[in-house]
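*Asks:* Provide a 3D model corresponding to the input given below.
(one chain, ligands or ions: 1)
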Amino acid sequence: CGNSNAVNSVSSQKPAADVTDKATAASAKTSENITANGKGKKILVTYFSHSGNTRRVAEQIHNLVGGDMFEIKTVAPYPTGYQESVEAAKKEKETDGRPQLSAKVDNMASYDVVFVGYPIWWHTAPMPVYTFLEAYDLSGKTVIPFCTSGGSDIAESMAAINSLCPKSNILEGLTANDANTIEPWLSRIGMR
Ligand SMILES: Cc1cc2nc3c(=O)[nH]c(=O)nc-3n(C[C@H](O)[C@H](O)[C@H](O)COP(=O)(O)O)c2cc1C
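*Replies:* I've put the predicted structure just below:
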């Protein structure tokens, strides 16, 4: 996690107001309200998503905890076809690639809690997540991983997350393939 120059791009979206009553209450707290949930911490929900599953989970988390959202996007898109994307990701992992990202968080220093979401790719986090985590100094911050997968557990990616964020306080991650597990998990880790 080194330092980097800032471009920008945290989107300060308001959560959608179509979920639960609790989430609706949370939506009244704008992203400027940095003390929304998570025990008064300033929260950033980041995620990489190729086909939308992890994005949906990130949005649900954002609805429940407030704060800001940031999508990790690559400059070069992955192929849209499943098999092609699987092959591209395989090659990138085998070569330990660091795909260039199209935007940066320009005020990372101001966040206390950083959620990091991703699909499991080849039994670990996708390489864009490596690029992302290496671009910032996350020491002293709380990092909370979550993933979606075709069956793999988030545990498969934890060696990578631990080594990418050596000085962070990494909380219990969630394999969020069942949306019903999200809120109980947030409660368990003290974010609700
Ligand atoms: C390149 C690639 C590699 C994948 N590798 C795994 C894997 O190792 N284990 C697994 O359970 N699922 C794997 N999957 C399935 C994805 O983790 C799963 O579909 C995920 O929900 C996709 O998230 P997204 O829609 O946010 O991109 C892989 C999918 C792709 C495209």
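*Asks:* where do the helices of this structure begin and end?
*Replies:* Counting by DSSP state H, the chain has these helices, from start to end: 21-27, 53-65, 82-94, 127-134, 155-164, 182-188.
*Asks:* quick one: the third one to helix 127-134, angle?
*Replies:* Direction vectors for helix 82-94 and helix 127-134, defined by axes from the mean of the first three to the mean of the last three C-alpha atoms, to 10 degrees, enclose an angle of 40 degrees.
*Asks:* now tabulate the helices of the chain in TSV and tack on mean pLDDT, mean neighbour count and distance to residue 141.
*Replies:* Heads up, the C-betas are built off the backbone N, CA and C, glycines and all. TSV is the format used below for the helices of the chain (pLDDT from 0 to 100; neighbours: other C-beta atoms under 10 Å; distance: least, C-beta to C-beta, whole Å):
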stretch	mean pLDDT	mean neighbour count	distance to residue 141
helix 21-27	37	14	22
helix 53-65	98	22	15
helix 82-94	97	14	26
helix 127-134	98	22	11
helix 155-164	98	16	13
helix 182-188	97	16	17
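*Asks:* could you save those helices as CSV and add columns showing distance to the ligand?
*Replies:* Shown next, in CSV, are these (distance: least, C-beta to the nearest ligand atom, whole Å):
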stretch, distance to the ligand
helix 21-27, 21
helix 53-65, 3
helix 82-94, 3
helix 127-134, 10
helix 155-164, 7
helix 182-188, 14
